[in-house]
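Chemist: Have a look; sequence and predicted model below, questions after that.
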Amino acid sequence: MDVMTVTLNPSLDREIIVEDFKCGQMFRISNPSNAVMEPGGKGVNVSKMLSKLGIENMALGFLGGFIGRVFLEKLLEDRNITANFIFVEEETRENIAILDLKNHTITQINSSGPRLQEIDIEHFIQRYENSLSLVEHVLISGSVPPNTPKDIYSKLVSMAKRRGITTYMESNGEHFNEAVEKACPAVVRVDLRKEKKYFDRNLKDMEDYIYAAEDIIKHGAKLSVLSYHVEGDVIATNEGVWLFKVNETIDRSHLFGVGDSFMTGIIYHILKNGYNYLEAAKFGMATAIAKVHHVEKYIENIEEINKYFNYFEVKKVK
């Protein structure tokens, strides 16, 4: 087992397809395939996609209550994923995504997650430390539950780096900022879904995105990724900054989980081909485009990913 994903705030995700969705109305789901319930959270999504590509991995995080038990039961159906969660008193969060394929929109309702006790965090740190000896790659991804110390990501990344483990992170907010400043992972993807912001800087034009991408590299990352509008990504390595631009119109209703698929592709490429970070980013982009061609959060196989390398252009911008 080479990979461990850490999702401190996992969720039971409900994805509901409703055509012509409008607030304040009642809708009936007549087709069962239009209402899916599955374990989620950014790291868990990557675990599931890596599993689909044949990569055994371990998933860590916190679970609680009835929703946590349902989550675990569903996750254990995947034989490639070893579930290694700490159980807490309060309920795991539940997230709802309403996908309107007619109007190409996603409406998301996300809860905040369980409040953790100090003893919960201590147990998790111990479990995490013991698990590090089993893996060579660690992804730390997503939001954190309420009252989680803001240095939690920094601490987890530092523990992994001390063992020579390759570290990956996708997130934003205080805990993300702390990790970038004090223990920057090798691969960093900024989660810009909630707000287009890097630390205190609003991301408006290309110069802002280039600044953020380069700043992450200056802090010690080997690869940084920022989604640029809907149909592109700004990529930086020690060799420069690039814009990956998709050659087709993206259906916004298919964007659910696209960031996780990008990170999945990066990890998979590094596992199989070594540490060429620009090439890993290209494979991540092809993986993300492959996901966009599904409503669901999954990727078929490597052959499907390889079909999409001609769907985007790579332009050096600095």
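Modeler: Cool, got the structure.
Chemist: contacting residues for the residue lying closest to residue 61 once chain neighbours are set aside?
Modeler: Counting by Cβ to Cβ, 6 or more residues apart in numbering, the nearest residue to residue 61 once its immediate chain neighbours are dropped is residue 7, at 4.2 Å. Heads up, the C-betas are built off the backbone N, CA and C, glycines and all. In this structure, residue 7 makes contact with 41, 42, 43, 44, 59, 60, 61, 141, 142, judged by Cβ atoms under 8 Å, 6 or more residues apart in numbering.
Chemist: I figured residue 211 hits residue 199, correct?
Modeler: No: taking Cβ atoms under 8 Å as the contact criterion, residue 211 and residue 199 are not neighbours in contact, 10.3 Å apart.
Chemist: Where in this protein is the helix or strand with the lowest mean pLDDT?
Modeler: When the helices and strands of the chain are scored by mean pLDDT, DSSP states H and E, strand 105-110 comes last with a mean of 82.
Chemist: Pretty sure residue 311 sits against residue 286.
Modeler: Yes: between residue 311 and residue 286 there is a contact under Cβ under 8 Å: 7.4 Å.
Chemist: In terms of neighbours, single out the busier of the two.
Modeler: residue 286 (24 against 15; other Cβ atoms under 10 Å).
Chemist: buried stuff in the helix or strand harbouring that one?
Modeler: With elements delineated by DSSP states H and E, residue 286 resides in helix 277-292, which encompasses its position. In terms of neighbour count (16 or more other Cβ atoms under 10 Å), helix 277-292 has its buried residues at 277-278, 280-292.
Chemist: Stretch 259-276 now?
Modeler: Burial within stretch 259-276, assessed by neighbour count using 16+ other Cβ under 10 Å, is assigned to 259-271.
Chemist: now, among these, which is nearest to residue 154?
Modeler: Distances from residue 154 to the buried residues of stretch 259-276, taken as Cβ to Cβ, are shortest for residue 263 (19.2 Å).
Chemist: any idea whether that closest one is helix, strand or coil?
Modeler: Secondary structure, DSSP: H, G, I helix; E, B strand; the rest coil: residue 263 is helix.
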